[in-house]
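Enquirer: Pasting a predicted model and its sequence here:
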Amino acid sequence: MNENFNIEIISPEKKLFAEKGKSITIPSFEGEMTILPDHISIITFLRPGVININENKKKYFVEEGTVEFSKNNLTILSSTIIDLDSLSKDVISSMLEDSKKELNQENIDDKKRYIISHKIDCLSQISL
Amino acid sequence: MPSLDDLRKRISSVKSTQKITKAMKMVAAAKLRKAQEMAENGRPYSDKMNVIIQNLSKGINDPLNAPKLLIGSGDDKTHLCVVMTADRGLCGGFNTNIVKQAKNYFNKILKESKNLKIITVGTKGLDQLKREYGKYIVKKIDFKNKKQISFKDASLVGDEIVKLFKNNEFDKCIIFYNKFKNVMTQIPQSQQLIPAKKEDETKTEQESSYDFEPEEDEILEDLLPKNISTQIYKGFLENSASEQGSRMTAMDNATRNAGDLVEKLTINYNRSRQAAITKELIEIISGAESL
């Protein structure tokens, strides 16, 4: 039984995070998911939400991304990932407004609606 | 024989050109470091993306229903070529090399009487292609007013390609860019984007079965368009590093050439000055003798 596993968070620009961790909670597309060491190999993708590493030690906000876990190596690929510490209230509220506008557009399909409404939920719950 | 004045003017003009090329070399060197860093930082993302897609495509049981982006449309009629070049010139053979490679490919396609569609990214490529292949160009993209190309810009291009593919506008998509090997060498590359080329499946060591959530094809559906943007972004990064590297070498050569030229002109100048002085002296002496 391993106590730790490797966590890597990679954006197209650079490696954001590469450390050992005990647990990580990710907003998987079908629901929130916590991964502990020796989890079964899995590939999934993310919806908007907060990634929580080692129980609130480090938090990131993501809009989408892909997660792969195998042999105690976790990789998260995301092009829209923001460190929660660097987010300000103004940014959040402007993001909220943008997504609300987007939600009101007529020509979006159900999947997109689902994603955007999650984004709104999640953004409004973030407290700094 | 140019006059002394002409020579002096030429020397000063070459010197000022040298100053410009020297400055451009310095700027390119500074930009190169940054671009190279970015290209290196971007590699893990695209590498991981490839690994995941390979793992996913192994998990697909029913190849007939696999997403079209992975296996292609089953046809081979229309080729879409994305030619990525720089927006600025004065960087040696950088743009020409890509265009040359692309043209070779175009000619091959046209010879096989397949349809050709071109998207140009960057203005220099467009300039070189539009005379001969203007009628095939379906879209022109440039980032002239952008300092740094971000992933968002790349996904704009990627989305465009995916949209065209969904409308059955083409069967195969190939991108052309320069791969950055080192400062001296950049290799023009062509890479097939759609269908996502199957790597030779020699690597069978890791047969770990994955859990998928949701289903494989759904993940693939989401991932493949992203992969296209990622590959394009990778192309951008490699290209911008190559551009700066190429410019640096070109400007270094230009600076050295200007130096040589100045040296030669200076010798010429001194010689003619000496000749003029000697001539005057002879005139004076012979004038004095005749008295």
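Expert: Thanks, I have the structure now. All figures in this text were calculated on a predicted structure; none of them were measured in a lab.
Enquirer: list the helices and strands the host helix or strand of residue B:41 packs on?
Expert: Here residue B:41, judged by DSSP states H and E, is contained in helix B:4-59. Judged by 3 or more CB pairs under 8 Å, 6 or more residues apart in numbering or on different chains; DSSP states H and E, the packing partners of helix B:4-59 are strand A:5-10, strand A:42-46, strand A:65-70, strand A:73-77, helix B:216-289. (Glycine included, C-beta is placed from N, CA and C.)
Enquirer: For the closest residue to chain A within the stretch 1-150 of chain B, grab the count of nearby residues.
Expert: Closest contact between the stretch 1-150 of chain B and chain A, by CB to the nearest CB, is at residue B:41 (3.9 Å). Close neighbours of residue B:41, defined as other CB atoms under 10 Å in any protein chain shown, add up to 16.
Enquirer: Now for chain A, the helix or strand with the poorest mean pLDDT.
Expert: helix A:110-125 (a mean of 80; mean pLDDT, DSSP states H and E).
Enquirer: buried residues in that helix?
Expert: A:115-116, A:118-120, A:122-123 (16 or more other CB atoms under 10 Å in any protein chain shown).
Enquirer: quick one: is that helix near chain B?
Expert: No: in terms of CB under 8 Å from any CB of the partner chain, no part of helix A:110-125 sits within range of chain B; the closest distance is 9.6 Å.
Enquirer: Identify the residues contacting that helix?
Expert: A:27, A:47-50, A:61, A:63-64, A:92, A:95-96, A:99-100, A:102-103, A:108 (CB atoms under 8 Å, 6 or more residues apart in numbering or on different chains).
Enquirer: for chain A, what are the nearby residues on chain B?
Expert: B:38, B:41-42, B:44-46, B:48-49, B:51-52, B:55-56, B:151, B:154-155, B:208-214, B:219, B:222-223, B:226, B:229-230, B:233.
Enquirer: Mind giving me the PyMOL command for buried ones among those residues?
Expert: The following PyMOL line selects those of those that are buried, judged by 16+ other CB under 10 Å:
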select buried, chain B and resi 38+41+42+44+45+46+48+49+52+55+56+151+154+155+210+212+213+219+222+223+226+229+230+233
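Enquirer: where does the stretch 151-291 of chain B have low pLDDT?
Expert: B:197-208 (pLDDT under 70).
Enquirer: end to end, how far does stretch A:12-32 reach?
Expert: 24 Å (CA to CA, to the nearest Å).
Enquirer: Can it be said to contact chain B?
Expert: Yes: among the residues of stretch A:12-32, A:12-15, A:28-30 lie within reach of chain B under CB under 8 Å from any CB.
Enquirer: what's the burial count for residue 15?
Expert: I went with chain A, as the question did not name one. 14.
Enquirer: if you could check chain B rather than the one you did, that'd help
Expert: Other residues close to residue B:15 by other CB under 10 Å number 14.
Enquirer: pretty sure residue B:45 contacts residue A:75?
Expert: No: using CB atoms under 8 Å, residue B:45 makes no contact with residue A:75, being 9.8 Å away.
Enquirer: element containing residue 101, please.
Expert: This is for chain A. Residue A:101 belongs to helix A:89-104, assigned by DSSP H and E.
Enquirer: let's do chain B instead
Expert: helix B:94-111.
Enquirer: Work out the gap between the following helix or strand past that helix and the centre of the chain.
Expert: Going down the chain from helix B:94-111, the next helix or strand is strand B:115-121, by DSSP H and E. Between the centre of strand B:115-121 and the centre of its chain there are 16 Å (CA atoms, centre = their mean, to the nearest Å).
Enquirer: Sketch out the low-pLDDT regions of chain A for me.
Expert: Using pLDDT under 70, the flagged stretches of chain A are A:1, A:127-128.
Enquirer: Can you point out the buried residues in stretch B:84-103?
Expert: B:84-87, B:91-92, B:94-95, B:97-99, B:101-103.
Enquirer: average pLDDT for it?
Expert: Averaged across stretch B:84-103, the pLDDT comes to 90.
Enquirer: Mind listing residues that contact that stretch?
Expert: Everything outside stretch B:84-103 that qualifies as a contact, by CB under 8 Å, 6+ apart, is B:24, B:28, B:81, B:83, B:120-126, B:128-129, B:132-133, B:142-144, B:175-178, B:186, B:188-190, B:232, B:235-236, B:239-240, B:242-244, B:246-247, B:249-251, B:253.
Enquirer: tell me the domain ranges of chain B?
Expert: B:4-21+B:251-289, B:32-247 (automatic domain parsing).
Enquirer: quick one on the thing from earlier: please identify which pair of the contacts of helix A:110-125 lies farthest apart.
Expert: A:50 and A:108 (23.3 Å; CB to CB).
Enquirer: What residues sit buried inside the helix or strand residue B:155 falls within?
Expert: Element membership for residue B:155, per DSSP H and E: helix B:151-166. Buried residues in helix B:151-166, counting neighbours by 16+ other CB under 10 Å, are found at B:151, B:153-155, B:157-158, B:160-162, B:164-165.
Enquirer: tell me which of those is nearest to residue B:272?
Expert: residue B:153 (55.8 Å).
Enquirer: and the angle from the helix holding residue B:41 to helix B:151-166?
Expert: Between the axes of helix B:4-59 and helix B:151-166, defined by axes from the mean of the first three to the mean of the last three CA atoms, to 10 degrees, the angle is 60 degrees.
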